[in-house]
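> Pasting the sequence and the predicted coordinates here, then a few questions.
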Amino acid sequence: MYQAIEMLEQLGLPVSLEQKQALRRMENDYLEQNIIPSLEELIKSEVEDLKYGFHLLVTYQPEEGLSIKQIEKKTVAQASSDIDNQDRKVRNYIRVTYPDGKVTEDNKVWKTLVAVIEYAGPARVEALNIMCGPLNIIQNDPNAFGKFSSPKELSTGQYVDAYSDTKTKFRHLNEINSRLQLGLKLEQITL
């Protein structure tokens, strides 16, 4: 399924949130049915002789890798609460449908912002003088935005300030679409 989604993205074809959610469900099922039982079996034989209990926190992020840490019992409740809150966290996305029917939607909203700016033309967007804080949303120097910014490079070598919430990015996209008459259909999606 990963390869199918990557191929669709490479071809510029839309990958829906439903497809991404299906992939996430597939990963969760694989985790519950294969990885957790395997870990239990491996750990069980190693800890049989221990006299006291312990708690492990296992985390995995593709960018950071696998981490296994021993945590205190009082921390278990907090870690469990944090995980529950993370699962309930509301996620906002922006779906952009172009006049030719192509769809852009990514769980990293800044990628959608960059895609629309590239489509519209960075120079045209810069000329709109859309402000993000005290500066134009597009700058030539990534350091112009300050140390707490998250500049993303455009194909022109310029940078867009992506350090804003989804609502602000949606507002910027609407302004770009409206003022440049791009004919885009913009939707804010909450999961």
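Nice, I can see it.

> any idea how far the closest residue in space to residue 157 that isn't next to it in sequence lies from residue 11?
Once flanking residues are discounted, residue 157 sits nearest to residue 140: 7.6 Å by Cβ to Cβ, 6 or more residues apart in numbering. Yep, even glycine has a C-beta here, placed from its N, CA and C like the rest. Residue 140 sits 32 Å away from residue 11 when distances are taken as Cβ to Cβ, to the nearest Å.

> Looking at these two, which is more packed in?
Taking neighbours as other Cβ atoms under 10 Å, residue 140 and residue 11 compare with residue 140 leading, 10 against 7.

> Could you list the low-pLDDT ranges of the protein?
1-2, 5, 8-9, 15-18, 20-21, 62-64, 73-90, 147-148, 191 (pLDDT under 70).

> Could you list the domains of it?
The chain breaks down by automatic domain parsing into domains covering 2-88, 92-190.

> Can you tell me which of those is most buried?
Most buried of the domains of the chain, by mean neighbour count (mean count of other Cβ atoms under 10 Å): domain 92-190, with a mean of 16.

> Quick one: end-to-end length of that one, please.
Domain 92-190 has an end-to-end distance of 5 Å (Cα to Cα, to the nearest Å).

> Please renumber the chain so that the first residue is 52 from this point on.
Fine by me, first position is 52 from now on; the one you just mentioned is domain 143-241.

> would residue 218 count as being in a strand?
No. Counting by DSSP: H, G, I helix; E, B strand; the rest coil, residue 218 is not part of a strand but helix.

> Return the residues in contact with it.
By Cβ atoms under 8 Å, 6 or more residues apart in numbering, the contact set of residue 218 is 143, 239.

> hmm, 6 Å instead?
Not one residue lies near residue 218 by Cβ atoms under 6 Å, 6 or more residues apart in numbering.

> State the three-state secondary structure for residue 111.
Of the three states, residue 111 takes strand under three-state DSSP.

> So what sits opposite it in the bridge?
residue 117 (DSSP bridges).

> pretty sure it contacts residue 90?
No. The pair residue 111 and residue 90 fails to qualify as a contact (Cβ atoms under 6 Å) at a distance of 11.2 Å.

> Please report how far residue 76 lies from residue 57.
Distance of residue 76 to residue 57, given as Cβ to Cβ: 18 Å.

> Ok, residue 89 next?
26 Å.

> Find the centremost residue of the protein, please.
residue 159 (3.2 Å; Cα atoms, centre = their mean).

> Now do the phi/psi pair for that residue.
Per-residue torsions, residue 159: phi -100, psi 100 (degrees, to the nearest 10).

> try residue 211
Reported as degrees, to the nearest 10, the phi and psi values for residue 211 are phi -110, psi 140.

> so where do the helices sit in the protein?
53-61, 68-81, 87-98, 124-139, 160-171, 173-178, 217-231 (DSSP state H).

> Can you name the residues bridging to residue 145?
Residue 145 forms beta bridges with residue 157, residue 239, as assigned by DSSP bridges.

> What distance do you get for it to residue 200?
Look at residue 145 and residue 200: by Cβ to Cβ, they are 20 Å apart.

> Okay then, goodbye and thanks.
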